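Engineer: Mind looking at a prediction? Sequence and model below.
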There are 2 protein chains.
Amino acid sequence: MSISSRFAVGIHILTLIEFNKEGVTSSDFLASSVNTNPAVIRRLMGMLKKAGLIEVHPGIAGAKLAKELSEITLYDVYKAVNVVQENELFSIHENPNPDCPVGRQIQNTIEPLFISAQLAMEKILTNVTLEDVVKDITVKENIC
Amino acid sequence: MSISSRFAVGIHILTLIEFNKEGVTSSDFLASSVNTNPAVIRRLMGMLKKAGLIEVHPGIAGAKLAKELSEITLYDVYKAVNVVQENELFSIHENPNPDCPVGRQIQNTIEPLFISAQLAMEKILTNVTLEDVVKDITVKENIC
DNA sequence: ATACATGTAATCAAAGTTGTTACAGGATGA
DNA sequence: TCATCCTGTAACAACTTTGATTACATGTAT
């Protein structure tokens, strides 16, 4: 099991919009950098737009960031592209046997543990902004 | 996307072996508590055995824990049932365009962030043992 | 020998992911 | 107005994973 690459691609999209902010960032342009189909990009742009992270309009080429770089966290992107549902990173088997003490309680016992593990992971994502990502890429590019 | 319920079922299996330690915990018995097929349980028992968490033998009914309850963490179970590969909780799109600064660096920039988020989640799992789970169920049962 | 257990392979349906095609509809300039 | 280029979306196929199921080989004990 792996969390969908929509998350990584979403970060890629937003980062490239920033790098190309003087130009026109169309779905074709993004697709060629990500190396995928433009329709895949447009699907993701729809999610990012719905989440208020970018501005994009039918018929008008190019997407723009709707917020400051430093105000967009990886968690925002993660939620926007809908890769993991609230409290559902881990799945729990349904309908355990209620006639057994373990079957009766296992869900209630396990669920809070799973949720706290999920929250710990998501906490890390809230602590990283797109500004951090852009800066890191800039540094790496200057070194090369 | 969700992490396979093999993890939750693995915890269920180990917990029930403990609760039923005076009796014989066969795959049929486990299956009726989990509410699944005995072959599914046996597949999981194979993984738990391979990881050194239980002892089980062909032809002999019943599984036993191979370690103390307090020495088995949820992380041990998580690794045993193989629900998430090392450093692969998040997937990253392959073959981004190397002619683009973002395409060139995005993988190297994102990967350590993803790994640290994964590790934060896994850290929580290492801090919970099966003993905690068993105690919690015991308490919940006494209250009811 | 029988009865019953584990070990394991093969198969299947359901769901999610990613890529692809197609087309409706908005914006713009000749 | 028309042609062109863009976004927005739906529909579909290929692939993968999950979980259930069936079947059967093999081990153990009476």
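Structural biologist: Here it is on my side, so go on.

Engineer: so what does the lengthiest helix in chain A touch, helix or strand wise?
Structural biologist: Ranked by residue count under DSSP state H, the longest helix found in chain A is helix A:101-126. Counting contacts by 3 or more CB pairs under 8 Å, 6 or more residues apart in numbering or on different chains; DSSP states H and E, helix A:101-126 is packed against helix A:74-80, helix B:6-19, helix B:27-34, helix B:101-126, helix B:130-143. (Glycine included, C-beta is placed from N, CA and C.)

Engineer: How about the residue in chain A that sits furthest from its center?
Structural biologist: Farthest-out residue of chain A from its mean C-alpha position, per CA atoms, centre = their mean: A:Asp99, at 41.3 Å.

Engineer: Please name the residues that touch it.
Structural biologist: If you count contacts by CB atoms under 8 Å, 6 or more residues apart in numbering or on different chains, A:Asp99 has none.

Engineer: secondary structure element for it?
Structural biologist: A:Asp99 belongs to no helix or strand when assigned by DSSP states H and E.

Engineer: Mind telling me which residue of chain A is nearest DNA strand C?
Structural biologist: Across chain A, no residue is closer to DNA strand C than A:Gly59, which sits at 2.6 Å (CB to the nearest atom of the strand).

Engineer: tally of neighbours for that residue?
Structural biologist: Residues near A:Gly59, counting by other CB atoms under 10 Å in any protein chain shown, number 4.

Engineer: Same question for A:Leu125.
Structural biologist: By other CB under 10 Å, neighbour count at A:Leu125 equals 21.

Engineer: Double-check it against A:Thr73; I have them as touching.
Structural biologist: Yes - assessed by CB atoms under 8 Å, A:Leu125 is found in contact with A:Thr73 at 6.5 Å.

Engineer: Give me the neighbour count for A:Gly62.
Structural biologist: By other CB under 10 Å, neighbour count at A:Gly62 equals 15.

Engineer: That one and B:Asn142, how far apart?
Structural biologist: Distance, A:Gly62 to B:Asn142, by CB to CB, to the nearest Å: 63 Å.

Engineer: Quick check on the residue farthest from the centre of chain A: phi, psi?
Structural biologist: phi -90, psi 0 (degrees, to the nearest 10).

Engineer: wait, doesn't A:Ile115 sit right on A:Glu88?
Structural biologist: No - with contact defined as CB under 8 Å, A:Ile115 does not count as touching A:Glu88 (9.3 Å).

Engineer: low pLDDT regions in chain A?
Structural biologist: Within chain A, the stretches with pLDDT under 70 are A:143-144.

Engineer: what's the closest non-adjacent residue to A:Leu16?
Structural biologist: B:Val102 (4.6 Å; CB to CB, 6 or more residues apart in numbering or on different chains).

Engineer: Measure how buried that neighbour is and give me the count.
Structural biologist: Neighbours around B:Val102, by other CB under 10 Å: 26.

Engineer: Show the contacting residues for it.
Structural biologist: B:Val102 sits in contact with A:His12, A:Thr15, A:Leu16, A:Phe19, A:Ser33, A:Ile137, B:Pro96, where contact means CB under 8 Å, 6+ apart.

Engineer: who wins for neighbours among the residues you listed?
Structural biologist: Going by other CB under 10 Å, A:His12 tops the contacts of B:Val102 with 30 neighbours.

Engineer: Tell me who's in contact with that residue.
Structural biologist: A:Leu30, A:Ser33, A:Val34, B:His93, B:Pro96, B:Val102, B:Gly103, B:Ile106.

Engineer: Tell me which of the helices and strands packed on helix A:101-126 lies nearest to DNA strand D.
Structural biologist: Nearest of the helices and strands packed on helix A:101-126 (CB to the nearest atom of the strand): helix B:6-19, 4.5 Å.
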